[in-house]
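[1] Attaching a predicted model along with its sequence, questions to come.
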Amino acid sequence: MTTSSSERGVSLGMPELPAPAYPDDVRARLEQDAREIIDRYPDSRSALLPLLHLVQSEEGHVTRTGMRFCADMLGLTTAEVSAVATFYTMYRRGPSGDYQVGVCTNTLCAVMGGDAIFSALQEHLGVGNGGTTADGKVTLEHIECNAACDFAPVVMVNWEFFDNQTPESAKRLVDDLRAGRQVDPTRGAPMCTFKETARMLAGFPDERDGAVEATGSAGPASLVGLRLAKGESGAARVVHPRDGGPHDEPPEDTAVHEPSPTEHLSSHDAPQDTSASDPAHPAGPADEEG
């Protein structure tokens, strides 16, 4: 005895229609930008990643129309473009907010309070992972390591750093974003919308006044390995043995690093108001055994 496709729960509906094209004026503008991008590469298909950022800057996410445009410009199939667009998480596949708020929940950020921050923001905004607020301003997601462990826990907004966060500071941050108030990253360029960020990732310059000059750097903890690789010797570190026995003091002539007033400290360089010191959300490292 055989069963029909409908009885098996299989849909045999009409195939999806081709994606609509951009309006003529939009396509003409995007084609001009796309040609500039393609000309940077000896092999045109190498331009696919920045082209996907370009179409993302148009609508805030990579649409079927955007993928069709990329395929047309590069002589690829839409299947080839879709395979790339669905592989990288920086390409959004659906409408999202003006501000992509990502909370690092990898190991160090998590134990320093990242998990508490992410949980607090989900409750505060009323959205889950990947969800967007009703006003279309904020999309919340947990993200992988951003190579800023010495500033843990880290929150990123449109790929700009907000270091040493707590649940309360993170909630103030998203409230300011939704209210349209000025928000300044801990380091790096001033804030802009996700569409503007996508255009920069496509390879076009940031034309805002002072944006290029704005900068930031890794903290001292991140740069220790680089200094050692260059043959620079850092200050000797005093480590107290667990048994309370004697320990070596640094030589008298050893220079101790004193951060300058302009040096951005991390949560591991000096006491700061991090999640580990937030009484409402204790998330510091576990006590040592023994």
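    Great, that's in hand.
[2] how about the helices in the stretch 101-250 of the chain?
    Under the criterion DSSP state H, counting those that start in this stretch, the stretch 101-250 of the chain contains helices at 107-109, 115-125, 167-179, 194-201, 220-229.
[3] And the residue nearest the centre of the protein?
    Nearest to the geometric centre of the chain sits residue 159, at 3.9 Å (C-alpha atoms, centre = their mean).
[4] That one is in contact with residue 196, isn't it?
    No: look at residue 159 against residue 196 with C-beta atoms under 8 Å: they stay out of range, at 11.3 Å. Placement of C-beta: from N, CA and C, glycine included.
[5] okay, how far is it across stretch 39-59, tip to tip?
    24 Å (C-alpha to C-alpha, to the nearest Å).
[6] List of residues touching that stretch?
    22, 26, 30, 33-34, 37-38, 62-63, 65-67, 69-70, 73-76, 81, 84-85, 88, 90-92, 195-196, 198-199, 201-203 (C-beta atoms under 8 Å, 6 or more residues apart in numbering).
[7] mind listing what's buried in it?
    Neighbour-count burial for stretch 39-59 flags 47-59 (criterion: 16 or more other C-beta atoms under 10 Å).
[8] avg pLDDT for that stretch?
    On average, the pLDDT along stretch 39-59 is 94.
[9] any idea how far residue 21 is from the nearest residue to the residue nearest to the centre of the chain once chain neighbours are set aside?
    Once flanking residues are discounted, residue 159 sits nearest to residue 197: 6.2 Å by C-beta to C-beta, 6 or more residues apart in numbering. Distance, residue 197 to residue 21, by C-beta to C-beta, to the nearest Å: 26 Å.
[10] Put the alpha carbons of the helix or strand of the chain with the lowest mean pLDDT into CSV.
    Ranking every helix and strand in the chain by mean pLDDT, DSSP states H and E puts helix 220-229 at the bottom, with a mean of 81. Output of helix 220-229 as CSV, limited to C-alpha atoms (Å, rounded to 0.1, in the frame of the first residue of the first chain):
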residue,chain,number,x,y,z
PRO,A,220,49.0,45.4,28.5
ALA,A,221,47.9,41.8,29.2
SER,A,222,47.4,41.1,25.5
LEU,A,223,50.7,42.6,24.5
VAL,A,224,52.9,40.6,26.9
GLY,A,225,53.6,37.9,24.3
LEU,A,226,54.4,40.5,21.6
ARG,A,227,56.9,42.2,23.9
LEU,A,228,58.6,38.9,24.7
ALA,A,229,58.8,38.0,21.0
